[in-house]
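>>> Whatever this is, show me its structure:
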Amino acid sequence: MSFELILPFFPQSLQDLILDTTVADLCINGTAGVFVERDGVMARAEAVSIGEEQLSAAIQQIARVLGKDITEQDPILDTRLPNGSRVAALYKPCSPNGVTVTIRKFNRWFTTAELTAMGSLPESVCDTVVSAILNRRNVLISGGTGSGKSTMLNAFVAHIPSTDRLVIIEKPMELDIMNPNAVRWEALDALPGRPEVTVAQLVAAALRHRPDRIIVGEVRDHSAYDMLQAMNTGHSGSMTTTHADSATFALSRISALALSAHPNLDHTFVRSQTADAIHYVLQVNRQQDGRRRVTELVRVRDYDSTANAFHVEHLYR
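Prediction:
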């Protein structure tokens, strides 16, 4: 029971799109129209609309059902359904032309075999990454928004031996992890009477729960520093994702995020730690035709402080 939680608040035309398994993203641009993404291509949903008052009431009700709230004083909603699908909304006055709503649906997860058959994951790349995982190498998956990072991460986590204890940290929780000894944690925003619980705090806490590997759904802030420390202190075989346009830029981004953790961190030290901690970077991109596919796989060699550059070996490009 997931989409059923929100269906009653929408007209039938929008309910049909929410239940349509070919739709990956449903975007309601206030009163300006409804758009859907199918097979990586965004297009207007013709003859589908919702009034401003009905949309405002719908998103308020949805927020309450999911244990949140959205008002003019607190206009940003970022939450999830039980199946991992995300519901994001921006309320007035920040969205003056009506509430902006985006529903990123998780209709199903794919295995590495299925991704290979679809042409998204070259077989040689799959074999190399699986071998790296079995040999307890740390893997970073990078890509843009909607490129398939989470799908790729979920598929590769399935290759981790069932004897390993995993701590899975996400915000929001969405991965479909079947490992029998996996602990699922979710970072939380602050609410009245409840302080914020960050990804960084959960990564630090994970070290006290005897993990063999730590899986962070996405590193997007100073939690990168704690993740690097974990990878460098006996938790090899860990995995995470980040936003980046290339494999080498992903290393620079992780370093920059880690530097934001403490004002006195040394630039060269953090970048060297990044090179020591991350062994492989897998880059996924969404192509112009909408297809999501692996575009790079690199093995990280080291960081050259003189040249201010990461040395990598391109295994696939």
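>>> that's a strand at Arg299, yeah?
Yes: secondary structure assignment (DSSP: H, G, I helix; E, B strand; the rest coil) places Arg299 inside a strand.
>>> tell me the strands in the stretch 151-300 of the chain, going along the chain?
Taking DSSP state E, counting those that start in this stretch as the criterion, the stretch 151-300 of the chain contains strands spanning 166-170, 182-186, 213-216, 239-243, 280-286, 292-304.
>>> could you say what helices and strands the third one packs with?
Yep, that's strand 213-216 we're talking about. The elements that strand 213-216 packs onto, with contact taken as 3 or more CB pairs under 8 Å, 6 or more residues apart in numbering; DSSP states H and E, are strand 166-170, helix 199-206, helix 223-231, strand 239-243. Every C-beta, even on glycine, is put in place using the N, C-alpha and C of the backbone.
>>> For it, give the mean pLDDT please.
For strand 213-216, the mean per-residue pLDDT is 97.
>>> How about residues contacting that strand?
Strand 213-216 is touched from outside by 136, 153, 157, 160, 164-170, 175, 177, 199, 203, 206, 223, 227, 230-231, 235-241, with contacts defined as CB atoms under 8 Å, 6 or more residues apart in numbering.
>>> I'd guess Arg136 is in a strand, am I close?
No: the secondary structure assignment for Arg136 gives coil rather than a strand, going by three-state DSSP.
>>> quick one, what contacts it?
Applying CB under 8 Å, 6+ apart, the residues contacting Arg136 are Arg213, Ser236, Gly237.
>>> coming back round to it: drop anything exposed from the contacts of strand 213-216.
By neighbour count, with 16 or more other CB atoms under 10 Å, the contacts of strand 213-216 hold 136, 153, 157, 160, 164, 166-170, 175, 177, 199, 203, 206, 223, 227, 230-231, 235-241 as buried.
>>> Could you check how far the closest residue to Leu265 other than its chain neighbours is from Phe10?
In space, not counting the residues next to it along the chain, Leu265 is nearest to Leu259; the distance is 5.3 Å by CB to CB, 6 or more residues apart in numbering. Going from Leu259 to Phe10 by CB to CB, to the nearest Å gives 44 Å.
>>> between these two, which one's more packed in?
Phe10 (22 against 19; other CB atoms under 10 Å).
>>> Am I right that that one is in contact with Ala58?
Yes: counting by CB atoms under 8 Å, Phe10 does reach Ala58; the two are 5.9 Å apart.
>>> Mutual contacts of the two, please.
With contacts defined as CB under 8 Å, 6+ apart, the residues shared by Phe10 and Ala58 are Ile50.
>>> For the helix or strand containing Thr79, what is the distance to the chain centroid?
For Thr79, the host element (DSSP states H and E) is strand 76-80. Here the centre of strand 76-80 is set off from its chain's centre by 14 Å, with CA atoms, centre = their mean, to the nearest Å.
>>> same check, this time on stretch 245-259
Centroid separation for stretch 245-259 versus its chain: 16 Å, with CA atoms, centre = their mean.
>>> again with stretch 202-213
Chain-centre distance of stretch 202-213: 20 Å, with CA atoms, centre = their mean.
>>> can you check stretch 120-130 too?
Between the mean C-alpha location of stretch 120-130 and the chain-wide mean there is a distance of 20 Å, by CA atoms, centre = their mean.
>>> What are the buried residues along it?
For stretch 120-130, the buried set under the neighbour-count rule, 16+ other CB under 10 Å, comprises Ser120, Leu121, Val125, Cys126, Thr128, Val129, Val130.
>>> again, but for stretch 101-120
Residues of stretch 101-120 classed as buried: Val101, Thr102, Ile103, Arg104, Lys105, Phe106, Trp109, Phe110, Thr112, Leu115, Thr116, Ser120 (neighbour count, 16+ other CB under 10 Å).
>>> residues in contact with it?
Under the contact criterion CB under 8 Å, 6+ apart, stretch 101-120 has outside partners 6, 18, 21, 23-28, 55, 59, 83-89, 121-123, 126, 130, 148, 151-152, 154-156, 158-159, 174, 176, 284, 291-294.
>>> residues touching the closest residue to Arg253 other than its chain neighbours, list them.
Ranked by CB to CB, 6+ apart and with sequence neighbours excluded, the top spatial neighbour of Arg253 is Ala244, at 5.0 Å. The neighbourhood of Ala244, defined by CB under 8 Å, 6+ apart, consists of Ser142, Gly143, Gly144, Ala250, Ser252, Arg253, Gln283.
>>> re earlier: could you save the helices and strands packed on strand 213-216 as CSV and add columns showing mean pLDDT?
Listed next are the helices and strands packed on strand 213-216 as CSV, based on pLDDT from 0 to 100:
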stretch, mean pLDDT
strand 166-170, 96
helix 199-206, 94
helix 223-231, 93
strand 239-243, 97
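>>> wait, which of those is closest to Arg64?
Minimum separation from Arg64 across those (CB to CB) falls at strand 166-170, 23.0 Å.
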